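coords please:
(2 chains)
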Amino acid sequence: MLGVPTFVVGALVWFPTVASILLSFTNWDGIGGVGTAHWVGTQNYREIATIYPPFWPAVEHNAIWLAFLALVATPFGLFLAYQLDKNIRGTRIYQSIFYLPVVLSFAIIGFIWQLIYSPTQGLINNIFEDPAHGNLTDWLGNPKLNLWAVLVAVGWRHAGYVMVLYLAGLKAIDPSLREAAAIDGAGEWHAFRTVVFPALKPINIVIVVVTVIEALRAFDIVYIINRGRNGLELLSVLVTDNIIGEASRIGYGSSIAVILIVISIIPIVVFVWNSFQEEMP
Amino acid sequence: MTSAAVAARSRAAARRRSIALPRVGLHVFLFVCAVLWLAPVAWAVFTSFRPYADTAQHGYVSIPHTLSLVNYKNAWSQGQIPLHFWNSMIITIPAILVILLFASSVAFVVSRFSFWFNVPLLIFFMAANLLPQQVIITPLYELYLRIHLPGWVTGGSGLMYDSFLGLIAINVAFQTGFCTFVLSNYMKTIPSSLGEAARVDGAGVVRQFFGIILPLCKPALAALATLEFTWIYNDFLWAVVLMSSGDKRPITSSLTNLQGTFFTDNNLISAASVLVALPTILVFLALQRQFISGLTLGANKG
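Numbers count the residues shown, from 1 in each chain, chains lettered A, B, ... in the order given. Next comes the predicted model:
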């Protein structure tokens, strides 16, 4: 009962994870057996940090991505959840509407938002600019704008996801807590800050983990829009480019994968610790 | 009516007003947000029903003079939607069944027996689901190119790479962790006396599992199946990296082929988007309760 699932997960997830770490220290080119690989120490890491042009832009874009999700989309999702938890009329319809983008794949989201951002055929430029005359804003083509344009689409999905998780958390809060705060004359914001938000702690941890992991995983939408270049470079894109793209350097791809491992270990440990601390000796 | 009562009434009314006023603001705010939220999808649906000539002549933001299904017809045939949709089903349905079988067996063992390795095992499964996919994609790609399989298993390629089996396997490996976690939490809420009673009656472990525990887990299994359907159907990266033949790709990753085929015909792109998104939207509308309970089962007690 345990053997087969453990083998499958071990062979297809954990073995490649370890292999990524090992390969990042070699110069293997993927051609021929792994025996042809030579140990090169930290050379790949030094090279991606110094002579690999898309690396630092990708780091910056991932950081902006995370900051946007954490500081804009997540608080907005929490705000929606808090308002929709008040038993207002039509709350279920609102919930369904805000949740709808979550069931769409990021690839489809990329497609749908291209219809909005397209310079000549898009919704925005057709409303606010005259497509018959030149000088149109190229929302997804301009490297100064396109990351933000994409983040609006990503936030559109993320806020709904966060809302559903928080709604479940809010329902689990003992109503007497809030009543007590109301009787004490606490204003809404004060009650939220001192009573409701602290009571949401278990969900907050889940949200933090989800947000960090989503920011690291981001890939599909930029790949659909322009293969992740020209302002949309991300670490995940660089890893993939080094396997199926033009620049095929297993060592570079693996080193960036290791950087992703190091960053993602933090939320994973937080999550595991939070889930199992009662059961640990 | 005494003046005191009138005063009390008007005070109460004032208080109601002071509550009611922000409520109106809230409704306006939510309504505006909801319209903005639906706009991208509504815009795609709207555009998809307009023939290219109509938008070319009158502009995209205009009252349509003709509506037709011609974009759907073209997307359906040029994008080979039926073929890719079928590919998605060949991958998604077996993957869900295997994931649920794997996850429920592991969850059963860790929730019914107390072995020293229960917690490490759960972490082993759960953490696998939290890694970013790119962490494992490079070695996985090389591994898949080196696993040779008989042709009848892979449908031609002779390799794990570019086979349906390969995609099913990685989806199973990646998603089993989440389901194991949810199911083990769920099974812990089932009283252990049930299993003990069955043991007294002489039921073996396998019969306890299939006869007692699994039927009790039906709500959780339904919720997970709904979620996993959406996630695997929506998968993009695995198929883009682990499949080379365009005509074997499941529908979400076949969108990259569509882009080349459709160029900048946004009307066709919108029809294709609606077609590809439709199954997940229908599943969501029909099984919304399962969907949300699956997500919150994973988040609560977690």
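
Report pLDDT for residue B:153.
pLDDT, residue B:153: 67.

Then residue B:14?
49.

Over to residue B:95?
With respect to pLDDT, residue B:95 scores 95.

and the residue in the stretch 151-281 of chain A that chain B sits nearest to, what element?
Nearest to chain B, among the residues of the stretch 151-281 of chain A, is residue A:168, at 3.7 Å (CB to the nearest CB). C-betas here are computed from N, CA, C, even on glycine. Residue A:168 is part of helix A:146-171, with elements assigned from DSSP states H and E.

Just after that helix, pick out the following helix or strand.
helix A:175-183.

Please name the residues that touch the residue lying closest to the residue of the stretch 151-281 of chain A closest to chain B once chain neighbours are set aside.
Distances taken as CB to CB, 6 or more residues apart in numbering or on different chains place residue B:296 nearest to residue A:168, at 3.7 Å, with adjacent residues excluded. Residue B:296 makes contacts with A:164, A:165, A:168, as judged by CB atoms under 8 Å, 6 or more residues apart in numbering or on different chains.

Apply 10 Å and report the result again.
Neighbouring residues of residue B:296 by CB atoms under 10 Å, 6 or more residues apart in numbering or on different chains: A:164, A:165, A:167, A:168, A:169, A:171, A:172, A:203, A:206, B:182, B:223, B:302.

Give me the buried subset of the residues you listed.
Buried by 16 or more other CB atoms under 10 Å in any protein chain shown: A:164, A:165, A:167, A:168, A:169, A:203, A:206, B:182, B:223, B:302, out of the contacts of residue B:296.

Residue B:292 is in contact with the third one, correct?
This means residue A:167. Yes. If you go by CB atoms under 10 Å, residue A:167 and residue B:292 touch, sitting 8.3 Å apart.

overlap in contacts of those two?
With CB under 10 Å, 6+ apart as the test, residue A:167 and residue B:292 both reach A:95, A:99.

any idea how far residue B:173 is from the closest residue to residue A:29 other than its chain neighbours?
Distance criterion CB to CB, 6+ apart; nearest residue to residue A:29, sequence neighbours excluded, is residue A:250 at 6.3 Å. Separation of residue A:250 from residue B:173 (CB to CB, to the nearest Å): 21 Å.

Of these two, which one has the most company?
residue B:173 (28 against 24; other CB atoms under 10 Å in any protein chain shown).

Apart from its neighbours in sequence, what residue is nearest that one?
Residue B:173's closest residue in space is residue A:12 (CB to CB, 6+ apart), at 3.7 Å.

hang on, that neighbour packs against residue B:167?
No. In this structure residue A:12 lies outside contact range of residue B:167 using CB under 10 Å: 11.3 Å.

Please enumerate the shared neighbours of these two.
Common neighbours of residue A:12 and residue B:167 (criterion: CB under 10 Å, 6+ apart): B:144, B:160.

out of these two, which sits in the more crowded spot?
residue B:167 (28 against 23).

does the more buried one sit in a helix or strand, and which one?
Per DSSP H and E, residue B:167 falls inside helix B:164-188.

returning to that earlier point: right, and the secondary structure at the residue nearest to residue B:173 would be what?
helix (DSSP: H, G, I helix; E, B strand; the rest coil).

the bottom helix or strand of chain A by mean pLDDT?
Lowest on mean pLDDT, DSSP states H and E among the helices and strands of chain A sits helix A:175-183, with a mean of 80.

ranges for the strands of chain B?
In chain B, no segments count as strands under DSSP state E.

Can you tell me which helix or strand of it has the lowest average pLDDT?
helix B:151-154 (a mean of 68).

contacting residues for residue 141?
Since no chain was named, I'll use chain A. Contacts of residue A:141 by CB under 10 Å, 6+ apart are A:117, A:118, A:119, A:149, A:225, A:226, A:230, A:231.

Wait, chain B was what I had in mind.
Residue B:141 neighbours (CB under 10 Å, 6+ apart): A:16, A:30, A:240, A:243, A:244, A:250, A:253, B:161, B:241, B:242.

Apply 6 Å and report the result again.
Contacts for residue B:141 (CB atoms under 6 Å, 6 or more residues apart in numbering or on different chains) come out as A:243, B:241.

residues in the stretch 1-150 of chain A within reach of chain B, list them.
The stretch 1-150 of chain A comes close to chain B at residues A:1-2, A:5, A:8-9, A:12-13, A:16-17, A:19-20, A:30, A:83, A:94, A:97-98, A:103-105, A:107-108, A:111-112, A:115-116, A:121, A:123, A:126-127, as judged by CB under 6 Å from any CB of the partner chain.

before we move on, back to that, reformat the contacts of residue A:141 as JSON lines; add neighbour count, pLDDT and secondary structure.
Formatted as JSON lines, the contacts of residue A:141 follow (neighbours: other CB atoms under 10 Å in any protein chain shown; pLDDT from 0 to 100; DSSP: H, G, I helix; E, B strand; the rest coil):
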{"residue": "A:117", "neighbour count": "23", "pLDDT": "91", "secondary structure": "helix"}
{"residue": "A:118", "neighbour count": "23", "pLDDT": "86", "secondary structure": "coil"}
{"residue": "A:119", "neighbour count": "19", "pLDDT": "82", "secondary structure": "coil"}
{"residue": "A:149", "neighbour count": "22", "pLDDT": "93", "secondary structure": "helix"}
{"residue": "A:225", "neighbour count": "24", "pLDDT": "90", "secondary structure": "helix"}
{"residue": "A:226", "neighbour count": "16", "pLDDT": "87", "secondary structure": "helix"}
{"residue": "A:230", "neighbour count": "13", "pLDDT": "86", "secondary structure": "coil"}
{"residue": "A:231", "neighbour count": "20", "pLDDT": "89", "secondary structure": "coil"}
